[in-house]
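S.K.: fold the following, please.
(one chain, ligands or ions: 1)
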Amino acid sequence: MMLKQGVQRTIAAGATQSTRSCVVDAHAQTSSRQVIAPFAPRTSGKAACQGSARSAASVSGGRARSLVVRAAASASPFPKRNARLVLEDGSVWHATAFGATGTQIGEVVFNTSLSGYQEIMTDPSYKGQFVAFTCPHIGNVGINPEDMESTQCHLGAIIVRDLSCVVSNYRSRMTLDEYCKKENVIGLANVDTRALTKVLRETGCLVGVVTTDASKTDAELVTMAKGWTIVGKDLLSVVSCTEPYEWGKGTSDEWEFNPRVKLSKQHGPFHVVAYDFGIKTNILRRLASFGCRITVVPATYPASEVLKMNPDGVFFSNGPGDPSAAPYAVDNAKAILGKKPVFGICMGHQVLGQAFGGKTFKLKFGHHGGNHPIRYMPTGRVEISAQNHNFAVDPSTLPPGVEVTHINLNDGTCAGMVFKEKKAMTIQYHPEASPGPHDADVCFEQFVDMMRAEKAAHASA
Ligand SMILES: NC(=O)CC[C@H](N)C(=O)O
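M.R.: You can find the predicted model right below:
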């Protein structure tokens, strides 16, 4: 059957009956939609993308940046199908490759953020995962050196609907295709990400294999996907720093948005030891902006060594994988709880939840996006949040004394806790945004206030 141009997915031969009937007539896929424009042949590593060849200069911020739109010179009417995403349910998603080549295995999640693909890609929390962007147009602001949330990309692949070839951003220094090559990230373009997202939402997260290797059969790749899971894998020690280091740099004046940082800074500096489970750079910047001097320590750093530094507070960061796969992190949290004020974000929230005595569980497809509503229970205030997590704390397993302070209004899950007696506060989502809204920035001020109160109590004792 000659599939007309368009998006294409099939079912791997030999897949079990229970798999979905994914043979889709691509023509049907495109007949009701715009026909995907022709693509540039893969020439000298240029991204597989669409558009007419022209170049223009855009001058902004005093720096001329050439707007380069590549390709479609001798465009084939059909996009190259030289890569695949094969899911454990047997479905095969044909794509146009960009970035690195090779084969990667991981858990496929969808992220609904409308901006910030660079911050998402460089968040170490995505180690072991592939991110499918529901925002259909990715790559249009290129890649710049300032918006990195870590020193590298930890995710294995990104899956996009339409890879932009127009890079329009005075801060951009390279295209997404060039960055993916540099970071060894496989890019899949021209995938029907809407259909893929519906599969993940209905079935739950699925393990997938991404490959540009045509020699591997679909059935082989399905078997690979079925034999892998992120559950039980300790990825914190994989992404963490190996030695302690100091951090003191806050958000630059050019980008500062919260006038309250000046007020908070007056009471500082507060010395915070931060466990690096895969810490995002903007968490460090926001702690520093609110008056903290931070000593970042590896994920496995002994609590006894942390306490020897006699910090004003201890921070437990975001990080990849299963919170139950790093019992050493929970043990260290238990050893510190009650001795120093603590703040945990995302993985840190889950580690502290277990240290409190609670349990964590895996969500169906997680929360990955920038518009999730959260209610702060003490005041009823609703904030829009940036989220990136696949596990959650089960509030029914928490001991007395632990208060669930934040609820995710999409599904009622626990989004934040306070354990007053232990001077502990946690947030399941990402108050540092990057990307996303800044509604929850107040958490950093609350942590500083908690340290300030503890310091004052000790001074008057
Ligand atoms: N961003 C994070 O810290 C994620 C925490 C954990 N890996 C989860 O998926 O729930």
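
S.K.: could you tell me which residues of the stretch 1-150 of the chain lie near the ligand?
M.R.: Applying C-beta under 6 Å from any ligand atom, we find that the stretch 1-150 of the chain lies next to the ligand at S125. Where C-beta positions appear, they are placed from N, C-alpha and C, glycine not excepted.

S.K.: longest strand anywhere in the chain?
M.R.: As assigned by DSSP state E, the longest strand anywhere in the chain is strand 359-376.

S.K.: tell me which residues in that strand are buried?
M.R.: Neighbour counts over strand 359-376 (16 or more other C-beta atoms under 10 Å) mark 360, 362, 365-370, 372, 374-376 as buried.

S.K.: go back to those and keep what's next to the ligand.
M.R.: Among these, no residue lies close to the ligand (C-beta under 6 Å from any ligand atom).

S.K.: the longest strand of the chain packs against which elements?
M.R.: On a contact count with 3 or more C-beta pairs under 8 Å, 6 or more residues apart in numbering; DSSP states H and E, strand 359-376 meets strand 103-111, helix 347-356, strand 381-394, strand 402-408, strand 414-419.

S.K.: as JSON lines, the ones you listed with mean neighbour count and mean pLDDT would be great.
M.R.: Shown next, in JSON lines, are those (neighbours: other C-beta atoms under 10 Å; pLDDT from 0 to 100):
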{"stretch": "strand 103-111", "mean neighbour count": "22", "mean pLDDT": "98"}
{"stretch": "helix 347-356", "mean neighbour count": "28", "mean pLDDT": "98"}
{"stretch": "strand 381-394", "mean neighbour count": "21", "mean pLDDT": "98"}
{"stretch": "strand 402-408", "mean neighbour count": "20", "mean pLDDT": "98"}
{"stretch": "strand 414-419", "mean neighbour count": "25", "mean pLDDT": "98"}
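
S.K.: what about P378, how many residues close to it?
M.R.: Burial of P378 is recorded as 10 neighbouring residues (other C-beta atoms under 10 Å).

S.K.: pLDDT weak spots in the stretch 1-150 of the chain?
M.R.: For the stretch 1-150 of the chain, applying pLDDT under 70 flags the ranges 1-8, 13-77.

S.K.: all strands of it, in order?
M.R.: Counting by DSSP state E, counting those that start in this stretch, the stretch 1-150 of the chain has strands at residues 9-11, 54-60, 63-69, 83-87, 91-99, 103-111, 129-133, 137-138.

S.K.: so for P431, which of these sits nearest?
M.R.: Comparison of those against P431 by C-beta to C-beta identifies strand 103-111 as nearest, at 17.8 Å.

S.K.: paired strands for the closest one, with orientation please.
M.R.: strand 129-133 (parallel), strand 206-211 (antiparallel) (DSSP bridges).

S.K.: quick one: V402 and R9, what's the gap?
M.R.: Using C-beta to C-beta, to the nearest Å, V402 is found at 45 Å from R9.

S.K.: next to the ligand, which bits of the stretch 301-450 of the chain? Give me the list.
M.R.: Counting by C-beta under 6 Å from any ligand atom, the stretch 301-450 of the chain comes close to the ligand at 318-321, 346-347, 388-391.

S.K.: state the distance from M224 to Y126.
M.R.: Counting by C-beta to C-beta, the separation of M224 from Y126 is 20 Å.

S.K.: just K420 next, same as before
M.R.: Counting by C-beta to C-beta, the separation of K420 from Y126 is 33 Å.

S.K.: can you check L287 too?
M.R.: L287 sits at a distance of 22 Å from Y126 (criterion: C-beta to C-beta).

S.K.: same check on T295?
M.R.: 25 Å.

S.K.: the two: which is more packed in?
M.R.: Y126 (27 against 17).

S.K.: burial count for the residue in the stretch 51-200 of the chain that the ligand sits nearest to?
M.R.: As assessed by C-beta to the nearest ligand atom, the ligand sits closest to S125 within the stretch 51-200 of the chain, at 3.2 Å. Using other C-beta under 10 Å, S125 has 29 neighbouring residues.

S.K.: again with T300
M.R.: T300 has 15 nearby residues by other C-beta under 10 Å.

S.K.: from what I see, the residue of the stretch 51-200 of the chain closest to the ligand and C346 are in contact.
M.R.: Yes: contact criterion C-beta atoms under 8 Å: S125 and C346 qualify, at 6.6 Å.

S.K.: list the residues that contact both of these two?
M.R.: Residues touching both S125 and C346 (C-beta atoms under 8 Å, 6 or more residues apart in numbering) are 318-319, 388-389.

S.K.: list the contacts of stretch 299-306.
M.R.: Residues outside stretch 299-306 that contact it (C-beta under 8 Å, 6+ apart): 236-237, 240, 244, 273, 275-277, 297, 314, 319, 326, 328-329, 331-333, 335-336.

S.K.: quick one: buried ones out of those residues?
M.R.: Buried by 16+ other C-beta under 10 Å: 236-237, 240, 244, 273, 275-277, 297, 314, 319, 326, 328-329, 332-333, 336, out of those.

S.K.: quick one: C346 and E432 touch, right?
M.R.: No: under the criterion of C-beta under 8 Å, C346 makes no contact with E432, lying 10.0 Å away.

S.K.: re the thing from before, mind putting the strands paired with strand 103-111 in TSV, distance to A424 included?
M.R.: Below are the strands paired with strand 103-111 laid out as TSV (distance: least, C-beta to C-beta, whole Å):
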stretch	distance to A424
strand 129-133	28
strand 206-211	34
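
S.K.: can you lay out those strands as TSV showing mean neighbour count?
M.R.: TSV is the format used below for the strands paired with strand 103-111 (neighbours: other C-beta atoms under 10 Å):
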stretch	mean neighbour count
strand 129-133	26
strand 206-211	26
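
S.K.: what are the boundaries of the helices in the stretch 201-350 of the chain?
M.R.: Counting by DSSP state H, counting those that start in this stretch, the stretch 201-350 of the chain has helices at residues 218-226, 236-239, 260-265, 281-289, 303-308, 327-336, 347-356.

S.K.: and the fifth one, C-alpha only, in CSV?
M.R.: Coordinates of each C-alpha in helix 303-308 appear next as CSV, following Å, rounded to 0.1, in the frame of the first residue of the first chain:
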residue,chain,number,x,y,z
ALA,A,303,24.6,13.3,56.4
SER,A,304,27.3,13.4,59.1
GLU,A,305,29.5,15.4,56.8
VAL,A,306,26.7,17.8,56.0
LEU,A,307,25.9,18.4,59.7
LYS,A,308,29.6,19.0,60.3
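
S.K.: off-centre distance for it?
M.R.: In terms of C-alpha atoms, centre = their mean, to the nearest Å, the centre of helix 303-308 is set 30 Å apart from its chain centre.
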